[in-house]
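1. what follows is a predicted structure for the sequence shown.
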2 protein chains.
Amino acid sequence: MANISSPIPEKTIERLSEYRRTLVKCHAQGITHIFSHVLAGMHGITAVQVRRDLMLIGFSSDTKKGYDVKVLIDFINGILYSEQPMNMAIIGMGHLGQAVTKYFNGKGLKLRITAAFDIDERKVGSTIDNIPCYHIDEFEERAAELDISIAIVSSPTSVASTLVLPIINAGIRGVLNFTSAPLNFPQGIIVENYDITTLLEKVAYFVKVAEENNN
Amino acid sequence: MANISSPIPEKTIERLSEYRRTLVKCHAQGITHIFSHVLAGMHGITAVQVRRDLMLIGFSSDTKKGYDVKVLIDFINGILYSEQPMNMAIIGMGHLGQAVTKYFNGKGLKLRITAAFDIDERKVGSTIDNIPCYHIDEFEERAAELDISIAIVSSPTSVASTLVLPIINAGIRGVLNFTSAPLNFPQGIIVENYDITTLLEKVAYFVKVAEENNN
DNA sequence: TTTTTTTGTATTATATATTTACAATCCCTC
DNA sequence: GAGGGATTGTAAATATATAATACAAAAAAA
């Protein structure tokens, strides 16, 4: 079990998620052991970085033949996931919502999307990608009833601010906000803002700077 | 014009993009001037942060009645955007590709999506959200011909690695990678990895930690 | 046994971000 | 138009986060 007193850096968590995926792929190919420098090479980073990340989560190997792939996968799972599966809901089952759902479908993760909410009458009451779709007005009661921990906001930006209160009231613990609206949640609710417009502008800016420096 | 010798931090660029959007909204409402602490409040940050960001891009106001909204918008535009509009292409016009396109359509930005690429025969040759869709095999020639600077990779993860070479050959300068595949591009090409699975796992992890600490 | 390889970890370095502090200037009110 | 308050611009200090260096210890291989 990870040490609660020493928080694991965000970047490390991101890399663990990536290592895990790579390891699962290796495991499927029958690879049983992997050296830190091999795993590092697959991600374009250094072996020390890998070892340090594993140190931070308290993982250690008693052999020098590389890490046992299966054991490491299970260990990372123990860090990233709770004992109990965690349920997520998508608010806004448009293109983005469906894309996110597809990314998770059938992955067999402890993390799963179990409900969708929308206002489109054609969607409400139906099932999209095996996920039942409810009307957004039902969010508070349904989310509580279905034990939803995380809300993925993929609605239009214009309505995002109206979702803040229902999300709080439903007892949601974490929010992934894809809209451009800066949502203000009280402390205690983890919010990750993931605004695609901002991201693209950032890439464009650095491309622009790189071009200017070449001239 | 921004000073090339002093690179602007990534976080500042992100905030500038956010300020800009807020300012545009204010401008539309007829607000002509805005104080640093008001702008800060709208984003849940401090006034010093706002002023420092503006300092970094060389903006200064000669008045104490707050910043001139219109002037500031134009100044930020000058930082974020090139003189010439920058063209972007979407590779993989599935749900995610269409969602991204919708986010940009009609925004009138200097940054615009002008082409899509896919393998689906129903999409190739047609127009989706006013964007012409070509076959991925044509990517190299089309991208060069259409003066594409940025590629948005929203294809399935499984085919992402096959796109690396065409992207390099087409002279693409920046890549926004939505897939889980760690794409290795040569130095000089700006890559932003934006893996949704990793992101959700990160949110879930911090929710899990918060819950554990509450017990 | 000796050499090589690999791991685990402390320390150092670097980069980035934010806050504090304060002088300078403008605006408003009296 | 003078004083007080508000606002801006910026230097400096602090804090935070991240990655690189260095090296001891242990296992594996020769």
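-> Here it is on my side, so go on. In this text, all values refer to a predicted model and were calculated from it rather than measured experimentally. Residues are numbered from 1 along each chain as shown, chains lettered A, B, ... in the order given.

2. going by C-alpha atoms from here, please, whenever you check contacts or count neighbours.
-> OK.

3. list phi and psi for the residue in chain A that DNA strand C sits nearest to.
-> Distances between chain A and DNA strand C by C-alpha to the nearest atom of the strand are smallest at A:Ser60, namely 3.1 Å. Backbone torsions for A:Ser60, taken as degrees, to the nearest 10, come to phi -150, psi 150.

4. quick check: it vs A:Val50, distance?
-> When distance is defined by C-alpha to C-alpha, to the nearest Å, A:Ser60 is 12 Å away from A:Val50.

5. more neighbours, those two?
-> For A:Ser60 versus A:Val50, neighbours defined as other C-alpha atoms under 10 Å in any protein chain shown are more numerous around A:Val50 (23 against 12).

6. tell me the secondary structure at the more buried one.
-> Here A:Val50 takes the helix state, with states given by DSSP: H, G, I helix; E, B strand; the rest coil.

7. the closest residue to the residue of chain A closest to DNA strand C other than its chain neighbours is in what secondary structure piece?
-> With C-alpha to C-alpha, 6 or more residues apart in numbering or on different chains as the measure, A:Leu54 is the residue that lies nearest to A:Ser60, at 7.2 Å, once sequence neighbours are left out. With elements delineated by DSSP states H and E, A:Leu54 resides in helix A:47-56, which encompasses its position.

8. quick check: buried residues in that helix?
-> Applying a neighbour-count criterion of 16 or more other C-alpha atoms under 10 Å in any protein chain shown, one finds A:Ala47, A:Val50, A:Arg51, A:Asp53, A:Leu54, A:Leu56 buried in helix A:47-56.

9. quick check: chain neighbours aside, which residue is closest to the fourth one?
-> Right, A:Asp53. The spatial neighbour of A:Asp53 that comes closest, neighbours along the chain excluded (C-alpha to C-alpha, 6+ apart), is A:Thr12 at 5.9 Å.

10. how about stretch A:188-200 and chain B, any contact?
-> Yes - part of stretch A:188-200 sits near chain B under the criterion C-alpha under 8 Å from any C-alpha of the partner chain, namely A:Gly188, A:Ile189, A:Ile190, A:Val191, A:Glu192, A:Ile196, A:Thr197, A:Thr198, A:Leu199, A:Leu200.

11. tell me the buried residues in that stretch?
-> When burial is assessed from 16+ other C-alpha under 10 Å, stretch A:188-200 yields the following buried residues: A:Ile189, A:Ile190, A:Val191, A:Glu192, A:Asn193, A:Tyr194, A:Asp195, A:Ile196, A:Thr197, A:Thr198, A:Leu199, A:Leu200.

12. so what touches it?
-> Under the contact criterion C-alpha atoms under 8 Å, 6 or more residues apart in numbering or on different chains, stretch A:188-200 has outside partners A:172-180, A:182, A:185, B:14, B:17-18, B:100, B:103-104, B:176, B:203, B:206-207, B:210.

13. of those residues, just the buried ones, PyMOL syntax please.
-> For the buried members of those, the matching PyMOL selection, counting by 16+ other C-alpha under 10 Å, is:
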select buried, (chain A and resi 172+173+174+175+176+177+178+179+180+182) or (chain B and resi 14+17+18+100+176+203+206+207+210)
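
14. just the ones of the contacts of stretch A:188-200 in helices?
-> Secondary structure from DSSP state H places B:Glu14, B:Ser17, B:Glu18, B:Val100, B:Tyr103, B:Phe104, B:Val203, B:Phe206, B:Val207, B:Ala210 of these in helices.

15. closest to B:Lys25 among the residues you listed?
-> B:Glu18 (10.9 Å; C-alpha to C-alpha).

16. tell me the SS of the residue lying closest to the closest one once chain neighbours are set aside?
-> Among residues not flanking B:Glu18 along the chain, A:Thr198 sits closest, at 7.0 Å (C-alpha to C-alpha, 6+ apart). Remark: A:Thr198 carries the secondary structure label helix [criterion: three-state DSSP].

17. and the gap between the closest residue to DNA strand D within chain A and A:Glu192?
-> For chain A and DNA strand D, the shortest gap (C-alpha to the nearest atom of the strand) falls at A:Pro9, measuring 3.8 Å. Shown here: A:Pro9 relative to A:Glu192, a distance of 15 Å by C-alpha to C-alpha.

18. same question, A:Gly58
-> If you measure A:Gly58 against A:Glu192 using C-alpha to C-alpha, the figure is 26 Å.

19. near DNA strand C, which residues of chain A?
-> In this structure, chain A approaches DNA strand C at residues A:34-37, A:47-48, A:51-52, A:54-55, A:58-67, judged by C-alpha under 7 Å from any atom of the strand.

20. longest strand in chain A, by number of residues?
-> Among all segments of chain A classified by DSSP state E, the strand with the greatest residue count is strand A:111-118.

21. what helices or strands is it leaning on?
-> In terms of contacts (3 or more C-alpha pairs under 8 Å, 6 or more residues apart in numbering or on different chains; DSSP states H and E), strand A:111-118 is packed against strand A:86-91, helix A:95-104, strand A:131-135.
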